[in-house]
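A.B. asks: Okay, sequence plus prediction incoming.
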Amino acid sequence: MAGILFIISAPSGSGKSTLVSELRKQLSGVDFAVSWTTRTPRGSEENGREYHFTTREEFERMIAEGKFLEYAEVFGHLYGTSCTSLDEARAAGHDLILDIDVQGAAHVRAKMPEAISIFVLPPNPKVLRTRLRNRSRAEGVVNESELYRRLSEASKEIENYRQYGYILVNDILDRAVAQLEAIVLSERFYRNGETIAYRSRRVLEVAAACLQANSQERLKPVLEAFGINGDSSQQQLPFGDEPDDD
């Protein structure tokens, strides 16, 4: 049975990696494409687990040899998804999840319009700022200028939510994981006729509620919190320069 390609994008610090990790604990037949990058490992990251770490020279050689399904430069570093990941998932009949930025997602959708795209949103700038700062502390480095840069970039990335079929707001982890699981199960049901063994009607309803077309009221306060007008591309940075409580 053919696997499904799922694209997941989100601003840095939105928790998409945790969502994918929890999903794979609950569902079988879901592979994860470990991306390649030219940046150095952070904190406890290990080569081959979070990323395949390589040099820019090697990365550019792989580009020349056509080894990437997609690649992009983000914050001065190259990131890419190897074609091998897709080939291996297809051979096993597994679904494949790509955790990629909005640039990479656009490239993949152009090549593979059948891919299912999911955008993960943090509930508001304060939560995102706290998550980014906590992650930086865990890595042993808190750079306020880098933190603000990522917060500023988040609004620009969030503007691209309209390009995605499904939208998740990662405010409560368990709920967001359940929604992601429902999306995968419902797509397996509709595309492959795969039976949903448990509470099938409820699963389909949860997934349908996450469709972008059905998410406008739920998204409105989140977009407003990030200074984004849901009806236009204009935005104002909402972060300010006030200190956090922590």
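C.D. replies: Sure, I can see it. Numbering: from 1, shown residues only.

A.B. asks: use CA for all of it now, contacts and neighbours both
C.D. replies: Fine.

A.B. asks: Now for residue 87, how many residues are close by?
C.D. replies: 12 (other CA atoms under 10 Å).

A.B. asks: and the helix or strand containing it, average pLDDT?
C.D. replies: Assigned by DSSP states H and E, residue 87 falls within helix 83-92. Mean per-residue pLDDT for helix 83-92: 93.

A.B. asks: now do stretch 24-41
C.D. replies: Averaged over stretch 24-41, pLDDT sits at 94.

A.B. asks: what does stretch 141-157 give?
C.D. replies: Averaged over stretch 141-157, pLDDT sits at 80.

A.B. asks: Now do that stretch: everything it contacts.
C.D. replies: Stretch 141-157 is contacted from outside by 10-12, 102, 125, 128-129, 132-133, 136, 226-228, 235, 237, 239, using CA atoms under 8 Å, 6 or more residues apart in numbering.

A.B. asks: buried residues in that stretch?
C.D. replies: Across stretch 141-157, burial judged by 16 or more other CA atoms under 10 Å covers 148, 150, 151, 152, 154, 155, 156, 157.

A.B. asks: Summarise which helices and strands the host helix or strand of residue 117 is packed against.
C.D. replies: In this assignment (DSSP H and E), residue 117 forms part of strand 116-121. When contacts are defined as 3 or more CA pairs under 8 Å, 6 or more residues apart in numbering; DSSP states H and E, strand 116-121 packs onto strand 5-9, strand 166-169.

A.B. asks: can you give me how far stretch 14-24 is from the chain middle?
C.D. replies: In terms of CA atoms, centre = their mean, to the nearest Å, the centre of stretch 14-24 is set 9 Å apart from its chain centre.

A.B. asks: cool, stretch 97-117 as well?
C.D. replies: When distances are taken as CA atoms, centre = their mean, stretch 97-117 is centred 10 Å away from the chain's centroid.

A.B. asks: Next: stretch 48-64.
C.D. replies: Averaging C-alpha coordinates over stretch 48-64 and over its chain gives two centres that are 20 Å apart (CA atoms, centre = their mean).

A.B. asks: do the same with stretch 150-167
C.D. replies: Between the centre of stretch 150-167 and the centre of its chain there are 10 Å (CA atoms, centre = their mean).

A.B. asks: Tell me how far residue 159 lies from residue 192.
C.D. replies: Distance, residue 159 to residue 192, by CA to CA, to the nearest Å: 32 Å.

A.B. asks: Those two - which one has more neighbours?
C.D. replies: residue 159 (19 against 13).

A.B. asks: That one looks like it's in a strand, true?
C.D. replies: No: looking at residue 159 with DSSP: H, G, I helix; E, B strand; the rest coil, it is helix, so not inside a strand.

A.B. asks: Show me which residues of the longest helix seen in the chain are buried.
C.D. replies: Using DSSP state H to define each element, the chain has its longest helix at helix 173-192. Residues of helix 173-192 classed as buried: 176-188 (neighbour count, 16+ other CA under 10 Å).

A.B. asks: Can you show me the helices along the protein?
C.D. replies: According to DSSP H, the helices that the chain contains are 16-26, 56-64, 83-92, 102-111, 125-138, 144-158, 173-192, 200-209, 216-225.

A.B. asks: among those helices, which is nearest residue 42?
C.D. replies: Closest to residue 42 of these, according to CA to CA: helix 125-138, at 9.1 Å.

A.B. asks: so where's this structure uncertain?
C.D. replies: 1-2, 138-140, 142, 197-199, 230-246 (pLDDT under 70).

A.B. asks: mind running it again at 50?
C.D. replies: Along the chain, the model assigns pLDDT under 50 to residues 232-246.

A.B. asks: Centroid-nearest residue for it?
C.D. replies: Nearest to the geometric centre of the chain sits residue 9, at 2.7 Å (CA atoms, centre = their mean).

A.B. asks: List the contacts of it.
C.D. replies: Per CA under 8 Å, 6+ apart, neighbours of residue 9: 16, 99, 100, 101, 102, 105, 117, 118, 119, 120.
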